[in-house]
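A.B. asks: Based on what follows, work out the 3D shape:
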Amino acid sequence: MNITNLLIHLHNNVDAFSLKPRHIEQIRKALPDVRITVAEGNSDFLAQLPEADCALVWVFKPEWYAQAPQLKALFTPAAGHDWVAGDPSGRVQTCYGSFHGRIMRESLLSMMLFFNRRIGNSLTDQVGRRWGRLDYSSCVGLFNQRVVIVGYGALGRSMAELLKAFGAGVIGVRRSVAVSKDDPHVDRVITFEKLEEELPAADHVVFVLPGESDTDAIFTARHFSAMKPGACLYNLGRGNCYREDDLLHALSHGPLAGAGLDVFAREPLDQASPLWEQPNVLITPHSSAISQEYIDLFIREWLETLKKI
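C.D. replies: The predicted structure follows:
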């Protein structure tokens, strides 16, 4: 795609998600003939929008498309559609980030190793100056375990690639299996209707589902009951896919041994939530994709996409 007027509005309260001078220089070198405008805020962005034929944004409201008659394509680093809606008219091509897996799979791996290698207990022992070497016999190797990834899209495939390198068996779960044949990173791909049959053999169950209405409470109390005793659950997608009361019951009464949670039904997680008090829960503040390389990866992906459309 040939563009002449690029408008950028990538301010974010998370520093790693914000545009830096080095990024602007990178864009200038890649697109020397393009006029580049970096908006100072929302009002400046809207004032410049009518002239832009391409925009990089964190937020874009549906009604703004009507104010952008020259706009050909809109790009956002976000993987989900929470803050950037597609063009209702279909005139503008809206592109979402698909690079997050390289960061998020390391977050997932750290959670898995936290439980497999009893890191939480190690930290407690360190504070108490206790030499608990005899307690490590319960550690288990990821190479000897089975992982089920629920929401096997771009994120799931990236995670599967890393887990497969560790020797884990991986099963992907998605709406359709047709597009995932011959995937070298999974043993097989199944539909969600078959998930309950796989749960009794899964050591780790990973959620990377989008926060859409058709994923609301899709994983039920029945699914929790079907899980393997001693299994761990991880959520790095959105917090709507199960009811937190069902999760708490599975953590307190079995079969879950632990949970690594990056996302929640309501964020920030309420200080009164009983999840904070669970000794077998690792909580991170919706940070699994935060990394210094975030915007670098986005720009690299955007420039490659620009060549293809």
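
A.B. asks: And the nearest residue to Leu162 once chain neighbours are set aside, what's its pLDDT?
C.D. replies: Computed as CB to CB, 6 or more residues apart in numbering, the closest residue to Leu162 that is not its neighbour in sequence is Arg105, at 4.6 Å. C-beta: built from backbone N, CA, C; applies to glycine. The confidence metric pLDDT takes the value 98 at Arg105.

A.B. asks: try Arg102
C.D. replies: Note on Arg102: pLDDT of 96.

A.B. asks: One more: Asp182?
C.D. replies: Per-residue confidence (pLDDT) for Asp182: 79.

A.B. asks: so how far is the one helix or strand the residue nearest to Leu162 maps to from its chain's centroid?
C.D. replies: Using DSSP states H and E, the secondary-structure element containing Arg105 is helix 101-116. In this view, helix 101-116 has its centroid 12 Å away from the chain centroid, taken as CA atoms, centre = their mean, to the nearest Å.

A.B. asks: Over to stretch 111-130?
C.D. replies: Taking CA atoms, centre = their mean, the mean C-alpha location of stretch 111-130 is offset from the chain mean by 25 Å.

A.B. asks: Please export the C-alpha coordinates of whatever helix or strand comes next after the helix holding Arg105 as PDB.
C.D. replies: Per DSSP H and E, helix 101-116 leads on to helix 119-127 as the next helix or strand towards the C-terminus. Included here for helix 119-127 are C-alpha records, laid out as PDB according to Å, rounded to 0.1, in the frame of the first residue of the first chain:
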ATOM      1  CA  ILE A 119       9.300 -21.300  43.100                       C
ATOM      2  CA  GLY A 120       6.700 -19.900  45.500                       C
ATOM      3  CA  ASN A 121       7.700 -22.400  48.200                       C
ATOM      4  CA  SER A 122      11.400 -21.500  47.400                       C
ATOM      5  CA  LEU A 123      10.700 -17.900  48.100                       C
ATOM      6  CA  THR A 124       9.000 -18.700  51.300                       C
ATOM      7  CA  ASP A 125      11.900 -20.900  52.400                       C
ATOM      8  CA  GLN A 126      14.300 -18.100  51.500                       C
ATOM      9  CA  VAL A 127      12.500 -15.600  53.700                       C
END
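
A.B. asks: buried stuff in the helix holding Arg105?
C.D. replies: For helix 101-116, the neighbour count (16 or more other CB atoms under 10 Å) marks 101-105, 107-108, 111-112, 114-116 as buried.
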